[in-house]
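Q: quick check, what structure comes out for this input:
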Amino acid sequence: MTPEQLALLCAGLLVVSFLYSSVGHAGASGYIAVMTLAGLSTAFIKPTALILNIFVACLSTWQFYSAGHFRWGLFWPFALLSIPCAFLGGYLNLPVHIFKILVGIILWFSAVRFLMRQRPESEAREPKLRISIPVGGALGFLSGITGTGGGIFLTPLLILMKWARTKNASATSALFILVNSISGLAGNLTGTKSLPPMVIPLVVTVVIGGAAGSYLGSRKFSPEMIKKFLACVLLIAGCKLIFT
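A: Numbers count the residues shown, from 1 in each chain. Just a heads-up that it's a prediction; the model follows:
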């Protein structure tokens with residue numbers, strides 16, 4: 001890769017990390033899309049996206065937690081089964097093209113919902129354990145297969161089902177993404193037994209974008225603005241799943 005190509009790649013990752021971290025996400029689906037457009041190999045893309053995810057998810061988790069938006073009781077039931085299921089999904093390499101198209105369409109539908117005129121946020125009610133635990137396991141497996149942290153699936157679900165208010169959903173997804181990215185990366189490295197090269201400049205880039213985005217999202221942006229950004233994130237993620 002030439003210096004010019006690396007600069008363009010970093011610029012794309014910077015924008016993605018800022019946009020995603022502002023809604024409590026870490027950006028894996030966006031990183032995958034950018035790296036795919038850059039012509040990088042699948043063997044490089046999946047572990048690299050998870051590594052970048054881990055760094056940005058750390059920043060997002062801290063910012064949303066320190067701003068007082070994190071709820072442990074909402075987080076742990078979804079995370080309980082998601083961690084081992086993300087490891088399994090990261091270990092497996094399945095032909096899931098049709099499945100990804102269906103998921104992408106669902107993300108597009110969710111994005112349209114967030115772009116529609118929003119009513120004022122009402123009180124949220126956390127789901128029962130018999131719902132949240134298996135749902136978390138399914139989302140964890142899905143995150144491992146797709147090489148993401150699962151936030152693109154969890155956040156819209158929490159908001160649309162009225163299980164959490166917007167910023168509480170972002171805070172929950174941030175830590176959900178972190179633990180699943182670590183588990184997914186461990187599963188991937190168990191299968192491939194190799195780390196991707198040339199990852200340090202990419203990490204520096206997404207840390208800069210993620211620091212700015214997570215700070216503004218947790219402390220400055222309104223819930224309505226976060227939903228608009230979330231719609232953009234879901235549209236990008238949907239395109240990635242459908243067209244790559």
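Q: okay, and the helix or strand of the protein with the least pLDDT?
A: Lowest mean confidence among the helices and strands of the chain (mean pLDDT, DSSP states H and E): helix 97-115, at a mean of 75.
Q: next structured bit after it?
A: Beyond helix 97-115 on the C-terminal side, the first helix or strand identified by DSSP states H and E is helix 129-146.
Q: quick one: contacts of that following helix?
A: Residues from elsewhere that reach helix 129-146 (Cβ atoms under 8 Å, 6 or more residues apart in numbering): 28-29, 77-92, 94, 96, 99-100, 103, 126-127, 149-150, 153-154, 157, 163, 176-177, 180-181, 183-184, 187, 241. Bear in mind the C-beta positions are built from the backbone N, C-alpha and C, glycine included.
Q: now restrict the residues you listed to buried residues only.
A: Taking 16 or more other Cβ atoms under 10 Å as the criterion, what is buried in the contacts of helix 129-146 is 28-29, 77-83, 85-91, 96, 100, 103, 126-127, 149-150, 153-154, 157, 163, 176-177, 180-181, 183-184, 187, 241.
Q: and for Gly213, the neighbour number?
A: Number of residues near Gly213 (other Cβ atoms under 10 Å) recorded here: 30.
Q: and if you look at Leu235?
A: When neighbours are counted by other Cβ under 10 Å, Leu235 registers 18.
Q: that one contacts Arg113, doesn't it?
A: No. Distance between Leu235 and Arg113: 11.9 Å, which falls outside the contact criterion (Cβ atoms under 8 Å).
Q: does Gly184 touch Leu88 like I think?
A: No. Under the contact definition of Cβ under 8 Å, Gly184 does not touch Leu88, with a separation of 9.4 Å.
Q: follow-up on the earlier one: tell me what angle the least confident helix or strand of the chain forms with helix 129-146.
A: 120 degrees (axes from the mean of the first three to the mean of the last three Cα atoms, to 10 degrees).
Q: which other helices and strands contact helix 97-115?
A: helix 129-146, helix 151-160, helix 223-243 (3 or more Cβ pairs under 8 Å, 6 or more residues apart in numbering; DSSP states H and E).
Q: most packed of those?
A: For those, ranked by mean neighbour count under the definition mean count of other Cβ atoms under 10 Å, the leader is helix 151-160 at a mean of 26.
Q: next, the buried residues of the following helix or strand past that helix.
A: Read in the C-terminal direction, the helix or strand following helix 151-160 is helix 166-192, with elements assigned using DSSP H and E. In terms of neighbour count (16+ other Cβ under 10 Å), helix 166-192 has its buried residues at 166-188.
Q: so what's Phe78 up against?
A: Here Phe78 is in contact with 132-133, 135-136, 139, 154, 172, 176 (Cβ under 8 Å, 6+ apart).
Q: what's the helix or strand for it?
A: Using DSSP H and E, the secondary-structure element containing Phe78 is helix 72-91.
Q: next, the angle from that helix to helix 166-192.
A: For helix 72-91 and helix 166-192, the angle between their directions (the same axes, to 10 degrees) works out to 30 degrees.
Q: pull the CA atoms of helix 72-91 into CSV?
A: Taking C-alpha atoms only, helix 72-91 is exported to CSV below (Å, rounded to 0.1, in the frame of the first residue of the first chain):
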residue,chain,number,x,y,z
TRP,A,72,-25.6,-2.5,34.8
GLY,A,73,-29.0,-4.2,35.1
LEU,A,74,-29.7,-3.6,31.5
PHE,A,75,-26.3,-4.7,30.2
TRP,A,76,-25.5,-8.0,31.9
PRO,A,77,-28.4,-10.1,30.7
PHE,A,78,-27.6,-9.3,27.1
ALA,A,79,-23.9,-9.9,27.7
LEU,A,80,-24.1,-13.2,29.6
LEU,A,81,-24.5,-15.5,26.5
SER,A,82,-23.2,-13.1,24.0
ILE,A,83,-19.6,-13.5,25.0
PRO,A,84,-19.2,-17.2,24.4
CYS,A,85,-21.5,-17.0,21.3
ALA,A,86,-19.3,-14.2,19.9
PHE,A,87,-16.3,-16.4,20.3
LEU,A,88,-18.0,-19.2,18.4
GLY,A,89,-19.1,-16.9,15.7
GLY,A,90,-15.6,-15.4,15.4
TYR,A,91,-14.1,-18.9,15.2
